[in-house]
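Need a 3D model of the sequence below.
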Amino acid sequence: MDINLTEAEKIKILNSDDLYGIMQKILLREGKIDQNREHFWVIGLENNNRILFIELISLGTINKTLAEPMEVFSLALQKRAVKIILCHNHPSGELTPSDADKDITDKLIQVGLIVNTPVIDHLIITYKSYLSFKDTGLLEKLEKSTKYVPKYELERRIKEEASKIAKRQEKIEIAKQLKRKGVDNETIAFSTGLTVQEIEKLRVKKL
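Down below sits the predicted model:
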């Protein structure tokens, strides 16, 4: 269900406080009917972080809500949102993310990468306060998870990392050869792309 927003509410999101100000009002409004159930919303943003839409994806139980990837990204793709923020409430008033909260965020982060609509935060809200996955560092941690990364993507990342290591090792070998010939560190740095500090640490016997 698409939430009707006034033009004043379609603000530019500069930080999590900005979004909570809007979502708190929506929670208070919707909570009059289903105050003991979890609500899960998706907030679509334009390139400049201005709110494009807020959609209620699902209503759950007192401590659980469902958020299928198709439901989450459907409107975002239709309305050409360039990024999304997830948001759901905890009727208990407890802000600590559950394992299920982390798991669904992990999954949606990976789907967002595939459809080129990244998840940039997930807010857990109550009537009085909120928790931001981004502000607490949890989003960054989940972004590094490989639990829901497709096999082909994992293989691509492994090959990419192996290629980076090989290229770096090649630069180090070239740097060692130049250092053996007495070339100064600044010139070696310019030629290889390594830093002067990295080159200084290389131990070689001059020819």
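
buried ones in the lengthiest strand in the chain?
Of all the segments assigned as strand in the chain under DSSP state E, the longest by residue count is strand 51-59. By neighbour count on 16 or more other C-beta atoms under 10 Å, the buried set for strand 51-59 is Ile51, Leu52, Phe53, Ile54, Glu55, Ile57, Ser58. Any C-beta I mention is one placed from the backbone N, CA and C, and that applies to glycine too.

Make JSON lines out of those residues and add distance to Lys134 and pLDDT.
Output for the buried residues of strand 51-59, formatted as JSON lines (distance: C-beta to C-beta, whole Å; pLDDT from 0 to 100):
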{"residue": "Ile51", "distance to Lys134": "17", "pLDDT": "92"}
{"residue": "Leu52", "distance to Lys134": "19", "pLDDT": "91"}
{"residue": "Phe53", "distance to Lys134": "20", "pLDDT": "92"}
{"residue": "Ile54", "distance to Lys134": "18", "pLDDT": "92"}
{"residue": "Glu55", "distance to Lys134": "20", "pLDDT": "92"}
{"residue": "Ile57", "distance to Lys134": "20", "pLDDT": "90"}
{"residue": "Ser58", "distance to Lys134": "22", "pLDDT": "86"}
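
Can you tell me which of the residues you listed is closest to Ser129?
Taking C-beta to C-beta as the measure, Ser129 lies nearest Ile54 of the buried residues of strand 51-59, at 19.4 Å.

So in terms of bridging, what pairs with that closest one?
Ile43 (DSSP bridges).

And it, how far from Val115?
19 Å (C-beta to C-beta, to the nearest Å).

Disregarding residues adjacent in the polypeptide, which is nearest to Lys176?
Spatially, and ignoring its direct neighbours in sequence, Lys176 is nearest to Val204 (4.9 Å; C-beta to C-beta, 6 or more residues apart in numbering).
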